[in-house]
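> here is a sequence together with a model predicted from it:
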Amino acid sequence: MALQLYDTASRSVREFTPVRPGAASIYVCGPTPQGPPHIGHVRSALNYDVLARWLEHNGLHVTLVRNVTDIDDKILVKAAAEGRPWWEHSARYEREFESAYAALGCRPAAISPRATGHVTQMIELMQRLIDKGHAYAAEGDVYFDVRSFDAYGSLSGQQLEEVQQGESAAAGKRDHRDFTLWKCAKPGEPSWPTPWGAGRPGWHLECSVMASTYLGAEFDIHGGGLDLVFPHHENELAQSRAAGDPFARLWMHNGLVGMAGEKMSKSLGNVVSIPAMLRKVRAAELRYYLIQPHYRSFIEYSDEALHEAAQGYRRIEEFLRRTAARGEVTPGELPREFVDAMNDDLATPKAFAVIHNVVREGNAALDAGDDDKARQAAAAVRGMTGVLGIDPLSELWAGTGADDKARQALAALVEAVLEDRARARAVKDYATADRLRDRLLQAGILVKDTPDGPQWTVADGR
RNA sequence: GGUGGAGUGGCCGAGAGGAUAGGCAGCGGCCUGCAAAGCCGUCUACACGGGUUCGAGUCCCGUCUCCACCUCCA
């Protein structure tokens, strides 16, 4: 079965067929870095990271572009309030987004272009739209004429007549639903020269321009959060199509993350920061939590659910560690059911069920002493978790490598204590054995006896 | 007012006309010096009211509740 994806525009699941055979081009709406990222932003990035990994696993050369809208009203307002330049403000939070993505194993995009670096292309697009009668300049602003484009509303299913008052009414607008392509410069605000006067980009224009600059006039997938369908993506689509570009073939929208019945958002202030999350669970566990539910479903954040996810991850991790203790485990082939699940609109919940089934079979094999079967299961688990970016034995999550001198020293000390304990246990001196184990525990070292001898980990206290 | 989506067992979360999802937690058992892990077994479901059908979480109609978007948002 080939990959099927849900397409917002056609409201149906469609087979993915790339514009250019062997390659996949994806444009994802990234952040407007006006403040620190929260888990909703990261969820979005993670969903497309999983998509990209899956496409690559299927042999496609993936080009993923995630933009940064580095100028907008709020950035200007907040920067001014802090008495800092707008570009410093957005650059600072852009770095926070990038590091949050990286912390969760989200691989970098092919490029993360900034809106302000593409003003030349914006001017070109506006000129094309004006030439075709789809846009007009008025009092220094440039607007898109929504009534000139019949398909306006097709992506989101909005009927033009029913759309309520959009952006704040402006003097030069012909119709209150027309949206702003370019904003006239105001005193003290940054601006760039254009044939229609100095100003700065409106929202929407930057994405049309950056998508076509890097991916071409027609590309495979445009993604973003569900809250961007209208008006942002509707407007992008209108601009690009009206200008004559075929634009995205398929539109994907990820579900949002909520708290206490409301969506998490900067404006509501009910956000959970990434560093705060990473004090509760490890990065791989947070990633597991965010990608296990289907990407289109709404996640109602809760500590309990987060910890359950962490438990689930640890179960997989335990199994792999246990098996690896008996011999090297390398990533192997993916079970058919896993492949089918992923091809079915990235059905990660089913994919996770497959992983856990194989883990259980592998654990049973270990208990039965069937190491070959266990190793096979572990190989499959590494393969599956690898594609999802949560392989506990991967370099990314396995912890510091053997090159870490402090860790080596720690290992030597712990092993020495464990040897003493083993001697005590051998003569059934359990009082001494337990005292040694408790001493390690006090130092943060958790010891577990397994059929393969004692295993120790640095307890994370979670 | 318009548009889209959701209500599943203690919790999370799939599925979809005749079903062992999976995880976490609970209970019983095995294993274990203890602990942990693991294995086996097991209890709580499908918002409500009608209807279609031999048979409905699954289809149809109605009701209720919740969420998102139409203002910045991933």
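Perfect, I can see it now. Residues are numbered from 1 along each chain as shown, chains lettered A, B, ... in the order given.

> tell me the contacts of the spatially closest residue to A:L228 that is not a sequence neighbour?
Distances taken as Cβ to Cβ, 6 or more residues apart in numbering place A:C29 nearest to A:L228, at 5.6 Å, with adjacent residues excluded. All C-beta spots, glycine's among them, are computed from the backbone N, C-alpha and C. Listed by Cβ atoms under 8 Å, 6 or more residues apart in numbering, the contact partners of A:C29 are A:66-67, A:207, A:222-225, A:228, A:232-233.

> filter those residues down to the ones near RNA strand B?
A:224-225, A:228, A:232 (Cβ under 7 Å from any atom of the strand).

> now the residue nearest to A:L228: how far from RNA strand B?
A:C29 sits at a distance of 4 Å from RNA strand B (criterion: Cβ to the nearest atom of the strand, to the nearest Å).

> try A:D131
26 Å.

> from A:Y93, how far off is A:E415?
45 Å (Cβ to Cβ, to the nearest Å).

> neighbour count: these two, which is higher?
A:Y93 (21 against 11; other Cβ atoms under 10 Å).

> picking up where we left off before, mind putting the contacts of A:C29 into TSV with secondary structure, pLDDT and distance to A:A103?
Listed next are the contacts of A:C29 as TSV, based on DSSP: H, G, I helix; E, B strand; the rest coil; pLDDT from 0 to 100; distance: Cβ to Cβ, whole Å:
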residue	secondary structure	pLDDT	distance to A:A103
A:R66	strand	97	16
A:N67	coil	96	21
A:C207	helix	97	26
A:H222	strand	97	26
A:G223	strand	96	21
A:G224	strand	95	22
A:G225	strand	94	20
A:L228	helix	94	24
A:H232	helix	95	27
A:H233	helix	95	28
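
> of the residues you listed, closest to RNA strand B?
The nearest member of the contacts of A:C29 to RNA strand B, counting by Cβ to the nearest atom of the strand, is A:G225 at 2.0 Å.

> all strands for the stretch 351-462 of chain A, in order.
Taking DSSP state E, counting those that start in this stretch as the criterion, the stretch 351-462 of chain A contains strands spanning A:445-450, A:453-458.

> tell me if the first one is near RNA strand B.
Yes: applying Cβ under 7 Å from any atom of the strand, one finds that strand A:445-450 is in contact with RNA strand B at A:447-450.

> strands along the stretch 101-250 of chain A, start to end?
Per DSSP E, counting those that start in this stretch, the stretch 101-250 of chain A carries strands over the ranges A:135-138, A:141-144, A:179-184, A:199-201, A:218-225, A:247-254.

> for those, could you give me a markdown table that also reports mean neighbour count?
Listed next are the strands of the stretch 101-250 of chain A as a markdown table, based on neighbours: other Cβ atoms under 10 Å:
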| stretch | mean neighbour count |
| --- | --- |
| strand A:135-138 | 19 |
| strand A:141-144 | 24 |
| strand A:179-184 | 23 |
| strand A:199-201 | 23 |
| strand A:218-225 | 24 |
| strand A:247-254 | 23 |
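
> so which residues on the stretch 351-462 of chain A come close to RNA strand B?
Checking the stretch 351-462 of chain A against RNA strand B by Cβ under 7 Å from any atom of the strand, the hits are A:352-353, A:356-357, A:359-360, A:363-364, A:366-367, A:425, A:430, A:433-434, A:437, A:447-450.

> these in helices, which ones?
The members of those that map onto helices under DSSP state H are A:352-353, A:356-357, A:359-360, A:363-364, A:366-367, A:425, A:430, A:433-434, A:437.

> which pair in those spans the largest distance?
Farthest apart among those by Cβ to Cβ are A:A353 and A:Y430. That separation is 40.6 Å.

> who has more neighbours, the two?
Counted by other Cβ under 10 Å, A:A353 and A:Y430 do not tie: A:A353 has more neighbours, with 15 against 12.

> wait, what's in contact with the nearest residue to the more buried one once chain neighbours are set aside?
Spatially, and ignoring its direct neighbours in sequence, A:A353 is nearest to A:A341 (8.0 Å; Cβ to Cβ, 6+ apart). Shown in contact with A:A341 (Cβ under 8 Å, 6+ apart): A:347-348, A:350-351, A:353-354.

> looking at those residues, which is nearest RNA strand B?
A:A353 (3.4 Å).

> gap between the closest one and A:V381?
13 Å.

> ok, A:E189 next?
On the measure of Cβ to Cβ, A:E189 and A:V381 end up 54 Å apart.

> between the two, which has more neighbouring residues?
When neighbours are counted by other Cβ under 10 Å, A:E189 and A:V381 differ, and A:V381 comes out ahead with 30 against 16.

> spatially nearest residue to the more buried one, not counting backbone neighbours?
According to Cβ to Cβ, 6+ apart, the nearest residue to A:V381 is A:V358 (5.5 Å).

> show me the contacts for the one you found.
The contact partners of A:V358, taken as Cβ under 8 Å, 6+ apart, are A:335, A:377, A:380-381, A:384.

> what's the answer for A:V62, then?
Taking Cβ under 8 Å, 6+ apart as the test, what A:V62 contacts is A:23-24, A:26, A:52, A:55-56, A:110.

> inside helices: which ones of those?
A:52, A:55-56.

> can I get the strand or helix carrying A:K350 in CSV, CA atoms only?
In this assignment (DSSP states H and E), A:K350 forms part of helix A:348-368. The C-alpha coordinates for helix A:348-368 follow below in CSV (Å, rounded to 0.1, in the frame of the first residue of the first chain):
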residue,chain,number,x,y,z
THR,A,348,1.0,6.4,14.7
PRO,A,349,-1.3,5.0,17.4
LYS,A,350,-1.5,1.8,15.4
ALA,A,351,2.2,1.9,14.8
PHE,A,352,2.9,2.2,18.5
ALA,A,353,0.6,-0.8,19.2
VAL,A,354,2.7,-2.8,16.8
ILE,A,355,5.8,-1.8,18.6
HIS,A,356,4.4,-2.8,21.9
ASN,A,357,3.2,-6.1,20.6
VAL,A,358,6.7,-6.9,19.3
VAL,A,359,8.2,-5.8,22.7
ARG,A,360,5.9,-8.2,24.5
GLU,A,361,6.9,-11.1,22.2
GLY,A,362,10.5,-10.1,22.6
ASN,A,363,10.3,-10.0,26.4
ALA,A,364,8.6,-13.4,26.4
ALA,A,365,11.4,-14.8,24.2
LEU,A,366,13.9,-13.4,26.6
ASP,A,367,12.1,-15.1,29.5
ALA,A,368,12.1,-18.3,27.6
